[in-house]
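S.K.: need a structure here:
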Amino acid sequence: MKKTGIFYGSTTGTTESVAGRIADVLGISSADVHDVSKLTAELVSGYEVLLLGTSTWGDGELQDDWYDGVKVLKGMDLSDKLVGLFGCGDSESYPDTFCDGMGILYRDLKDSGCRWIGAVPAQEYTYASSISVIDGLFVGLALDEMNESDQTDARIASWAEILKAEITG
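M.R.: Have a look, this model is predicted:
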């Protein structure tokens, strides 16, 4: 697999934990899993594939540490990068903004020149609305550790297969 870096923003530790689980399934070293607050252009340049993870806060807001991380990424030419997104949300308490943080990352980076990977069919989820859904697909892996944690391992495994196929294909 191509050199892959995972960057996550996590306030309570949920997205950090998910990032580690994704790394394990994909065989990515823990040395390549980074808190987004430490994201630099130099660090990003060492990877061919970026997996970016965020939680969603408040009324559909991006996790705080990502605001500076997005600025760094927007200042780079990502045309040689494959980018996959994963997001944590709460579909029961916030059904109208489920995983919107992931959609904000997508919106902020969609003109960066990167090639997006890892879209997931949205019909497998229970939620009311999400800006992370485009043409019936989440722009990345949506996870609900609050209400559907029993599905997380299977969703990560399925996403890993999607990523592997899109990275090598």
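S.K.: Longest strand of the protein, counting residues only.
M.R.: Looking across the chain with DSSP state E, the single longest strand is strand 49-57.
S.K.: Which other helices and strands does the helix or strand that it is followed by contact?
M.R.: Next helix or strand after strand 49-57 toward the C-terminus (DSSP states H and E): strand 61-62. When contacts are defined as 3 or more Cβ pairs under 8 Å, 6 or more residues apart in numbering; DSSP states H and E, strand 61-62 packs onto helix 100-109. (Each C-beta comes from the backbone N, C-alpha and C, glycine too.)
S.K.: could you give the mean pLDDT of the helix it packs on?
M.R.: Helix 100-109 carries an average pLDDT of 97.
S.K.: what does it rub up against?
M.R.: Residues from elsewhere that reach helix 100-109 (Cβ atoms under 8 Å, 6 or more residues apart in numbering): 52, 54-57, 60-63, 66, 70, 73-74, 78, 83, 85-87, 89, 116, 130-134, 138-140, 142.
S.K.: returning to that earlier point: pull up the pairing partners for the longest strand of the chain, direction included.
M.R.: strand 4-9 (parallel), strand 61-62 (antiparallel), strand 82-88 (parallel) (DSSP bridges).
S.K.: what's the distance between Pro121 and Phe138?
M.R.: Distance, Pro121 to Phe138, by Cβ to Cβ, to the nearest Å: 8 Å.
S.K.: Looking at those two, which has the bigger crowd around it?
M.R.: Using other Cβ atoms under 10 Å as the criterion, Pro121 and Phe138 rank with Phe138 on top: 28 against 11.
S.K.: Need the per-residue pLDDT for the more buried one.
M.R.: 98.
S.K.: Show the contacting residues for it.
M.R.: Cys99, Met102, Ala119, Val120, Pro121, Ala122, Tyr125, Ser130, Ser132.
S.K.: I'm done for today, thanks for sticking with me.
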